[in-house]
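S.K.: Dropping the sequence and predicted coords here.
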Amino acid sequence: MSELEGFLQAISEEPADETNWLVMSDWLEENGDPQRAELVRLQRSLQTRIRSTARQQAEERIRDLLVAGVRLCSPIRPSSIGMDLALVPAGSFRMGSPVRESRRMADETLHPVRITQAFWMGVYAVTQAQFQAVTDTNPSHFLPGRDGVDARDTSRFPVDSATWEQADQFCRTLTRLERIETTGWAYRLPTEAEWEYACRAWTSSRWPFHFGKRLDPTLANFDARYPYPIAYDESRISIGHPVEVGRYPPNAWGLYDLHGNIDEWCSDWFGSNYYQESERDDPTGPLDGQSKCYRGGAWSGQGEDCRAAVRIGRGTDDADSRIGFRVVLARVKERKS
């Protein structure tokens, strides 16, 4: 095991131990990787209550580094089907959107949330190849040569048209395949709170995106005629379908395509008034409902639809070419009644 692998292993075992992160950042700088060292330090600084001006400067510098191609040095856990999972540390954030956010919806009320345990989240949305490997099926509408897809191979496209029930069953089957039922860990869909927390990656809720206050076609796959917050621009050409995962820059925790490309199912029942009664610690949504939440925006949506706070509900057996999913691997906890 190399020194860097040793640091990452220690962080995996104790993700809240700041010493491990800071020692690793020092090692990166001493070994000729000062930008990754800077990114680690800046990212870790966001969990503290630094002055608003200093925080804004740190967030802007993080975004510059990520767009320039610098990637956070953080543990990655592989699955049996070649699906990489990134570490998402525990922490607190303000879920929802500020009242001044353009195109904000009434159910996006800002409220404090605490994620009490670290978990692992898919670096990418589940791909067609990964879904096929687990289920022996591929429900995707977007296959080679269909509806503008000129790719010869769509195996790395996100799986689309998977219902919530199919996504949930995928997680259950993968848990069985990896024989982890007795370990206290399981694959599942993320809760709404986990999804938004992971998307924002400790960046401020005053921004609509983890990229900041704007979204354009260099940052995500969406209907390019409708960037955010700029007005309609008919000269921009949209791709018109999903693309392979990981084409656009990630967020600060190494998660790709949380804005655009494919909407992603969450585990929660959708409740338009749920934020008014949500628990602060690890909220899991209403006890029942008529539809399940999905998040993130898609290839066909406008920029405003890709905001981190946007929440939409749909029936569990509905299939749509705009909706896929990503998984989390987390400790199993009993739901409070």
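M.R.: Sure, I can see it.
S.K.: List the contacts of residue 312.
M.R.: 263, 270, 293-295 (CB atoms under 8 Å, 6 or more residues apart in numbering). The way it works is simple: take the backbone N, C-alpha and C, and place the C-beta from them, glycine included.
S.K.: Restricted to helices, list the residues you listed.
M.R.: Counting by DSSP state H, none of the members of those fall within helices.
S.K.: Compute the number of surrounding residues for residue 10.
M.R.: Counted with other CB atoms under 10 Å, the neighbours of residue 10 add up to 17.
S.K.: again but with residue 31, I slipped
M.R.: That count, for residue 31 with other CB under 10 Å as the rule, works out to 12.
S.K.: which residues does it contact?
M.R.: Contacts of residue 31 by CB under 8 Å, 6+ apart: none found.
S.K.: Most neighbours among the contacts of residue 312, which one?
M.R.: residue 294 (30 neighbours).
S.K.: confidence score at the nearest residue to residue 93 once chain neighbours are set aside?
M.R.: Setting aside the residues directly before and after it, residue 93 is nearest to residue 197 in space (CB to CB, 6 or more residues apart in numbering), at 5.4 Å. Residue 197 is assigned 98 on the pLDDT scale.
S.K.: The contacts of residue 312: which two are farthest apart?
M.R.: 263 and 270 (13.0 Å; CB to CB).
S.K.: Can you give me every residue that contacts the closest residue to residue 104 other than its chain neighbours?
M.R.: The shortest distance from residue 104 to any non-neighbouring residue, by CB to CB, 6+ apart, is to residue 97 (4.9 Å). Residues near residue 97 by CB under 8 Å, 6+ apart: 104, 108, 110, 205, 208, 307-309.
S.K.: tell me the contacts of the closest residue to residue 208 other than its chain neighbours?
M.R.: What sits nearest to residue 208 in space, not counting adjacent residues and going by CB to CB, 6+ apart, is residue 307, at 4.2 Å. When contacts are counted by CB under 8 Å, 6+ apart, residue 307 touches 97, 101, 103, 208-209, 228, 259, 297.
S.K.: Buried by neighbour count, from the residues you listed: which ones?
M.R.: Among the contacts of residue 307, those scoring as buried are 97, 101, 208-209, 228, 259, 297 (criterion: 16 or more other CB atoms under 10 Å).
S.K.: a markdown table for the residues you listed, including pLDDT and secondary structure?
M.R.: Converted to a markdown table, the buried ones among the contacts of residue 307 look like this (pLDDT from 0 to 100; DSSP: H, G, I helix; E, B strand; the rest coil):
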| residue | pLDDT | secondary structure |
| --- | --- | --- |
| 97 | 96 | coil |
| 101 | 94 | coil |
| 208 | 96 | coil |
| 209 | 97 | strand |
| 228 | 95 | strand |
| 259 | 98 | coil |
| 297 | 97 | coil |
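S.K.: of the contacts of residue 307, closest to residue 167?
M.R.: residue 297 (17.3 Å).
S.K.: where's the closest residue in space to the closest one that isn't next to it in sequence relative to residue 146, distance?
M.R.: Nearest non-adjacent residue to residue 297, counting by CB to CB, 6+ apart: residue 306, 2.9 Å away. Distance of residue 306 to residue 146, computed by CB to CB, to the nearest Å: 24 Å.
S.K.: try residue 113
M.R.: 40 Å.
S.K.: more neighbours, the two?
M.R.: A direct count of neighbours by other CB under 10 Å for residue 113 and residue 146 places residue 113 higher, at 23 against 12.
S.K.: so the more buried one sits right up against residue 280, yeah?
M.R.: Yes. The pair residue 113 / residue 280 is scored as a contact, 6.3 Å apart, by CB atoms under 8 Å.
S.K.: Name the helix or strand for residue 203, please.
M.R.: When elements are assigned from DSSP states H and E, residue 203 belongs to no helix and no strand.
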